[in-house]
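Visitor: Pasted the sequence and its predicted model underneath.
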Amino acid sequence: MEWGRVVTDEVHQNQILRELYLKELRTQKLYTQYHVNPLRKVHRITRKPMSWHDNLEEPADARFLNLIRHAAQGPRKKYPEAQTENQEIGWDSEPLVDPERSDHRMNHFRVYNDITLYKAKMWSLGEDDRHK
């Protein structure tokens, strides 16, 4: 017989299960009286928000509503400057110089004439440009 191998027979397994069952019965205790632990904080159960009879006597809390409105605002409206490194990117999104659309030095608009309209139409139809 090898040392690492255990011979399992049904009688031996039944005896182990019986001992486990008797140990559980000895250590089990049936609780019939329940109480709240005075050292732990008790969580209140909230009322149903859509129930009309629960909400009749409770007025709207102005402080809570202001807190919700403040949380719903964007970060640029809440804070005067960026609070994190990621907010610094794009915090000042207004252009430094007002763009003039009539200044041709900065604005290069696409201009179409006859040949460019023909080539754009060819490319939109998917024809190959073999004849350069």
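Guide: Alright, I've got the coordinates. Numbering: from 1, shown residues only.

Visitor: what's the average pLDDT for stretch 41-54?
Guide: Stretch 41-54 shows a mean pLDDT of 72.

Visitor: now swap in stretch 95-109 and tell me
Guide: The average pLDDT for stretch 95-109 rounds to 78.

Visitor: can I have it written out in PDB, keeping just the CAs?
Guide: C-alpha atoms of stretch 95-109 as PDB (Å, rounded to 0.1, in the frame of the first residue of the first chain):
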ATOM      1  CA  PRO A  95      -9.800  80.500 -29.900                       C
ATOM      2  CA  LEU A  96      -7.100  83.000 -29.100                       C
ATOM      3  CA  VAL A  97      -7.700  84.900 -32.300                       C
ATOM      4  CA  ASP A  98     -11.200  85.400 -33.800                       C
ATOM      5  CA  PRO A  99     -11.300  83.500 -37.100                       C
ATOM      6  CA  GLU A 100     -12.100  85.700 -40.100                       C
ATOM      7  CA  ARG A 101     -13.700  83.700 -42.800                       C
ATOM      8  CA  SER A 102     -12.700  86.300 -45.400                       C
ATOM      9  CA  ASP A 103      -9.000  86.100 -44.700                       C
ATOM     10  CA  HIS A 104      -7.500  83.900 -47.500                       C
ATOM     11  CA  ARG A 105      -4.200  83.600 -45.700                       C
ATOM     12  CA  MET A 106      -5.800  81.300 -43.000                       C
ATOM     13  CA  ASN A 107      -8.800  79.800 -44.800                       C
ATOM     14  CA  HIS A 108      -8.100  77.600 -47.800                       C
ATOM     15  CA  PHE A 109     -11.500  76.600 -49.100                       C
END
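
Visitor: I'd like the numbering to begin with 44 instead of 1 from here.
Guide: With the count now opening at 44, the last piece we talked about shows up as stretch 138-152.

Visitor: now do the same end-to-end measure for stretch 120-128.
Guide: Using Cα to Cα, to the nearest Å, one end of stretch 120-128 lies 17 Å from the other.

Visitor: What residues of it count as buried?
Guide: Of the residues in stretch 120-128, none is buried by neighbour count under the rule 16 or more other Cβ atoms under 10 Å. Every residue, glycine included, has its C-beta placed from N, CA and C.
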